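Trainee: Sequence and computational prediction follow.
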Amino acid sequence: MINLDDPQKFRTLVGQAHQVAMNMLRPISRRYDRAEHEYPKELDLLAAMIDGLSESGAGEGAGAVGVRRDDSAERDPGVKRSVNGAHLASVMSIAEMCWGDVGLLLSMPRQGLGNSAIASVANDEQAKRFEGVWAGMAITEPGTGSDSANIRTTATLDSDTGCYVLNGEKIFVTAGDRCDAVVVWATLDRSLGRAAIKSFVVPKGTPGMNVERLEHKLGIRASDTATIRFENCRVPAENLLGSPEIDPRQGFAGAMATFDNTRPLVAAMAVGCARASLDLTRELLEQVGVEVDYDRPAITQSAAAARFLQMEADWEAAHLLTLQAAWMADNRKPNSLEASMAKAKAGRVGSDITLGCVELASSVGYSETELLEKWARDSKILDIFEGTQQIQQLIVARRILGLSSAELK
Ligand SMILES: Cc1cc2nc3c(=O)[nH]c(=O)nc-3n(C[C@H](O)[C@H](O)[C@H](O)COP(=O)(O)OP(=O)(O)OC[C@H]3O[C@@H](n4cnc5c(N)ncnc54)[C@H](O)[C@@H]3O)c2cc1C
């Protein structure tokens, strides 16, 4: 028998995340949507609580900090390892937190997408050294978005000092102003293609690294989005994540390992935000006498109820794909295809559902008395960053057809 219930062992964690979302995030949601670029100081307390849970082991997967895959031959006892099911726990708790507020989740100290990159590709020594560091992720450049293999930021080894010297500009860095460090993608040698792209942990305050401006955005306004310039910015060689070797056979493997971890997280954000819209819309429909009946065919119900049921079916598909991608990671199965499927489905239906809920609630949906209009604005980014809808579909097609990126562009 197929059991589609959430795994029982995560119910406490998910329940706690839901309480936090309801009691700590929702009450400040509108305030920081309006006060763009103001740091939500309430998150410091929340981050400390999550740190405490993680220390005790009770909160593994409580945030977006990323999960370390435990497949190295030599295990350093000083490096925290993931408990079984940590990917699943992460996506489930993130969905709950985003039921509260996506922008605030993206502003949580020490829970940046760069933390997932560190968890994915750092060696044991680096994992220990960067533990507790809040890391943003800087891939996108003025001339390079979806085509991330084309980045122009360079990292040149200065053999006299043993430092890499970074030069280039990164745009749209989530938490780029507030975080402690940024994981920067740079090429060691552009002529060697994607295999030469490596990621570097650059601590804030490193000379030559300057935050130039913050973006004004449609949604996730609680989250800062920065442009950062690197001019002869020197980082120790030990801050290159993973191996410095340029191995054409490995290609983009390190980078892709990061995406396999982060895409299910972003899918979970979309699932959580869409769930929030559905829950509130059902309440609003009930208030005006529209009951959604799960035991009767949609065609026999009102148009509003039928539309709602169709959106819930889309939501369920996105939800299950997200859980599947995380479950595969927990069970050490390659999940690139499933991570992209989850991100594509959840990103798309997340936008459709949140906007559909605005439509169903009409004037109430469009006004600021409720959060429906905000959730529709917030969810759009989840279909854009960490690879757009179109790019995820391209990846899925390549994987299914067995074609390389050169063969299917
Ligand atoms: C609020 C926000 C936060 C962000 N945070 C981060 C972050 O933390 N770190 C980071 O590195 N980046 C971040 N980004 C950047 C984001 O990842 C990019 O915007 C995204 O990858 C798309 O790149 P682009 O905007 O250059 O669009 P483009 O790549 O120029 O794409 C434009 C359009 O063309 C489509 N397209 C492109 N190539 C193809 C193709 N081959 N086939 C079909 N369609 C195609 C795209 O899907 C898109 O619809 C953020 C962006 C925003 C808006």
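Mentor: It's in.
Trainee: what is the mean pLDDT for stretch 106-121?
Mentor: The average pLDDT for stretch 106-121 rounds to 90.
Trainee: Show me how far that stretch is from its chain's centre.
Mentor: The chain centroid and the centroid of stretch 106-121 are separated by 9 Å, computed with Cα atoms, centre = their mean, to the nearest Å.
Trainee: Alpha carbons of that stretch, as PDB, please.
Mentor: The C-alpha trace of stretch 106-121 is given here as PDB (Å, rounded to 0.1, in the frame of the first residue of the first chain):
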ATOM      1  CA  LEU A 106      15.700  33.900   3.000                       C
ATOM      2  CA  SER A 107      16.900  36.400   5.500                       C
ATOM      3  CA  MET A 108      17.500  33.900   8.300                       C
ATOM      4  CA  PRO A 109      21.100  34.100   9.600                       C
ATOM      5  CA  ARG A 110      23.200  31.100   8.800                       C
ATOM      6  CA  GLN A 111      20.600  29.600   6.500                       C
ATOM      7  CA  GLY A 112      21.800  31.000   3.100                       C
ATOM      8  CA  LEU A 113      22.000  29.200  -0.200                       C
ATOM      9  CA  GLY A 114      25.800  29.500   0.100                       C
ATOM     10  CA  ASN A 115      25.500  27.300   3.200                       C
ATOM     11  CA  SER A 116      24.000  24.600   1.000                       C
ATOM     12  CA  ALA A 117      26.900  25.000  -1.400                       C
ATOM     13  CA  ILE A 118      29.400  24.600   1.400                       C
ATOM     14  CA  ALA A 119      27.600  21.500   2.700                       C
ATOM     15  CA  SER A 120      27.600  20.100  -0.800                       C
ATOM     16  CA  VAL A 121      31.200  20.500  -1.900                       C
END
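Trainee: Which elements pack onto the helix or strand of the chain with the lowest mean pLDDT?
Mentor: In the chain, no helix or strand scores lower on mean pLDDT, DSSP states H and E than helix 42-56, which sits at a mean of 80. Under the contact criterion of 3 or more Cβ pairs under 8 Å, 6 or more residues apart in numbering; DSSP states H and E, helix 42-56 touches helix 11-20. In this view, the C-beta of every residue, glycine as well, is placed from N, C-alpha and C.
Trainee: Report the angle between the least confident helix or strand of the chain and helix 11-20.
Mentor: If you take axes from the mean of the first three to the mean of the last three Cα atoms, to 10 degrees, helix 42-56 sits at 170 degrees to helix 11-20.
Trainee: just use 44 as the starting number from now, easier for me
Mentor: Happy to do that; since the first residue is 44 now, the last one works out to helix 85-99.
Trainee: Now helix 85-99 - C-alpha only, CSV.
Mentor: Presented in CSV, the C-alpha positions along helix 85-99 are these (Å, rounded to 0.1, in the frame of the first residue of the first chain):
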residue,chain,number,x,y,z
GLU,A,85,13.4,39.5,15.2
LEU,A,86,15.2,36.8,13.1
ASP,A,87,18.3,36.9,15.4
LEU,A,88,16.3,35.3,18.2
LEU,A,89,14.8,32.7,15.8
ALA,A,90,18.2,31.9,14.4
ALA,A,91,19.6,31.4,17.9
MET,A,92,16.7,29.0,18.6
ILE,A,93,17.5,27.0,15.4
ASP,A,94,21.2,26.9,16.3
GLY,A,95,20.2,25.5,19.7
LEU,A,96,18.0,22.8,18.1
SER,A,97,20.8,21.9,15.7
GLU,A,98,23.4,21.7,18.5
SER,A,99,21.1,19.3,20.4
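Trainee: downstream neighbour of it in the secondary structure list?
Mentor: helix 129-143 (DSSP states H and E).
Trainee: tell me what whatever helix or strand comes next after that following helix is packed against?
Mentor: Per DSSP H and E, the first helix or strand lying C-terminal to helix 129-143 is helix 145-148. When contacts are defined as 3+ Cβ pairs under 8 Å, 6+ apart, helix 145-148 sits against helix 69-77, helix 129-143, helix 296-330, helix 415-423.
Trainee: What mean pLDDT does the next helix or strand after the third one get?
Mentor: Later in the chain than helix 296-330, the nearest helix or strand by DSSP H and E is helix 346-373. The average pLDDT for helix 346-373 rounds to 96.
Trainee: Buried residues, helix 346-373. List them.
Mentor: Neighbour-count burial for helix 346-373, with 16 or more other Cβ atoms under 10 Å as criterion, is recorded at 347-348, 350-352, 354-355, 357-358, 361-362, 364-373.
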